[in-house]
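Q: The sequence isn't on hand, but the structure is:
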């Protein structure tokens with residue numbers, strides 16, 4: 001299936017931004033190496049970055065799913081969803097379709113874990129019960145796009161780079177403090193720019209990681225529409241999820257401020273921007289599934305949940 005001409009520039013721009021952000025993270029790591037150990041430090045920093053790229057751990061999907069008390073959905077439980085996943089996986093070029101899991105939480109959330117050859121998509125109780133099949137297809141396409149683009153590994157790589165940058169920064173600051181008496185009683189002078197770089201490098205790396213996350217979300221939206229040819233399905237799903245996540249406290253205390261966090265500190269782009277981009281895409285032949293506007297009915301062994309998830313604050317990639 002060919003991509004729409006209007007989608008190609010957006011995906012190229014997102015890919016370019018991804019490369020720029022990753023290059024900036026590696027360059028920042030190399031800068032710290034140079035500040036601390038000179039040219040030798042740059043070489044070692046690049047070698048460490050390459051080692052991280054090759055050995056970034058792949059967390060077993062079952063470990064993350066167990067954290068959320070997720071239960072496997074069989075074909076008998078949600079046959080129509082498995083048919084959607086099978087078709088979307090075929091269109092995305094995946095050899096192995098992801099398995100579906102049910103998370104007993106009233107929040108509207110979906111996330112994917114694993115790799116191309118061993119992946120799973122988790123759907124919360126609230127998401128399954130409140131979205132139509134058309135909207136669920138858009139959400140599933142979004143998650144499958146993350147899987148097919150290796151976004152899960154990409155985010156793990158960025159996270160590891162940020163952690164190592166923070167460790168190197170801490171080590172550099174510790175060295176400065178250790179040699180502080182020698183600096184005071186000698187002619188050795190450390191440029192202020194070096195000290196500032198050591199202090200703020202972890203913050204810059206974290207901001208780059210957040211920017212990468214937002215870029216990959218936009219790209220997954222575009223790729224999802226390429227799979228379903230139905231931008232409105234994903235757009236309405238995003239709008240419902242945004243509206244549902246607005247708590248009573250937000251409405252009473254801060255109306256009109258659904259998310260007060262600055263854009264630069266968000267892992268996901270503003271929903272309004274995502275919906276605008278989606279609705280500007282061309283529509284082709286939509287995914288054909290009977291009962292597209294109906295809601296799925298789960299078996300009785302998956303009772304409806306009327307409370308939010310418990311203590312979990314970690315949210316995997318949506």
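A: Structure's in. What do you need? What you are looking at is a predicted structure, and each value in this text was computed from that prediction instead of being measured.

Q: Going by residue numbers, what spans are strands in the stretch 51-200 of the chain?
A: Taking DSSP state E, counting those that start in this stretch as the test, the strands found in the stretch 51-200 of the chain are 71-72, 99-103, 110-115, 118-124.

Q: Verify the contact between residue 212 and residue 23 for me.
A: No. Taking contacts as CB atoms under 8 Å, residue 212 lies outside contact range of residue 23: 11.2 Å. For every residue, glycine as well, the C-beta is placed using N, CA and C.

Q: Between these two, point out the one with more neighbours.
A: Comparing residue 212 with residue 23 by other CB atoms under 10 Å, the one with more neighbours is residue 212, at 25 against 11.

Q: now the angle from the strand or helix carrying the more buried one to strand 110-115?
A: Using DSSP states H and E, residue 212 sits in helix 192-228. Here helix 192-228 runs at an angle of 100 degrees relative to strand 110-115 (axes from the mean of the first three to the mean of the last three CA atoms, to 10 degrees).

Q: If you count neighbours, what's buried in helix 192-228?
A: Using 16 or more other CB atoms under 10 Å as the test for burial, helix 192-228 gives 194, 197-198, 201-202, 204-228.

Q: Of the strands of the stretch 51-200 of the chain, which shows the lowest average pLDDT?
A: Of all the strands of the stretch 51-200 of the chain, strand 110-115 carries the lowest average pLDDT, namely a mean of 89.

Q: In this protein, where is pLDDT below threshold?
A: Within the chain, the stretches with pLDDT under 70 are 1-14, 55-59, 183, 188, 245-268, 282-298, 300-301, 306-318.

Q: mind listing the helices in it by residue range?
A: Along the chain, counting by DSSP state H, helices occupy 7-37, 39-55, 61-67, 79-92, 125-130, 133-148, 151-178, 180-184, 192-228, 231-245, 248-253, 271-279.

Q: Now do the buried residues in the first one.
A: Which is helix 7-37. Neighbour-count burial for helix 7-37 [16+ other CB under 10 Å]: 7, 10-11, 14, 17-18, 21-22, 24-26, 28-36.

Q: just how off-centre is it within its chain?
A: Relative to the chain's own centre, helix 7-37 is displaced by 17 Å; criterion: CA atoms, centre = their mean, to the nearest Å.

Q: and if you look at the shortest one?
A: Taking the mean C-alpha point of helix 180-184 and that of its whole chain, the gap between them comes to 45 Å (CA atoms, centre = their mean).

Q: So for it, what gets flagged as buried?
A: Under the neighbour-count rule, helix 180-184 has none buried (16+ other CB under 10 Å).

Q: same question, the second one
A: Residues of helix 39-55 classed as buried under the neighbour-count rule (16+ other CB under 10 Å) are 41-42, 45, 48-49, 52.

Q: Just put the residues you listed in TSV and tack on distance to residue 174.
A: As requested, those are exported to TSV (distance: CB to CB, whole Å):
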residue	distance to residue 174
41	16
42	20
45	18
48	18
49	22
52	22
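
Q: returning to what we had before: tell me what the helix holding residue 212 is packed against?
A: helix 7-37, helix 79-92, helix 133-148, helix 151-178, helix 231-245, helix 271-279 (3 or more CB pairs under 8 Å, 6 or more residues apart in numbering; DSSP states H and E).

Q: how much does it deviate in direction from helix 7-37?
A: Going by the same axes, to 10 degrees, helix 192-228 makes 160 degrees with helix 7-37.

Q: how near is residue 155 to residue 66?
A: Distance, residue 155 to residue 66, using CB to CB, to the nearest Å: 20 Å.

Q: same question, residue 50
A: 32 Å.

Q: How about residue 231?
A: With distances taken as CB to CB, residue 231 is found 35 Å from residue 66.

Q: between those two, who's got more neighbours?
A: Set residue 231 next to residue 66 and count neighbours by other CB under 10 Å: residue 231 wins out with 24 against 10.

Q: Next, the contact list for the more buried one, please.
A: Neighbouring residues of residue 231 by CB atoms under 8 Å, 6 or more residues apart in numbering: 225, 278-279, 281, 283.

Q: just the buried members of the residues you listed?
A: With burial judged by 16+ other CB under 10 Å, the buried subset of the contacts of residue 231 is 225, 278, 281.
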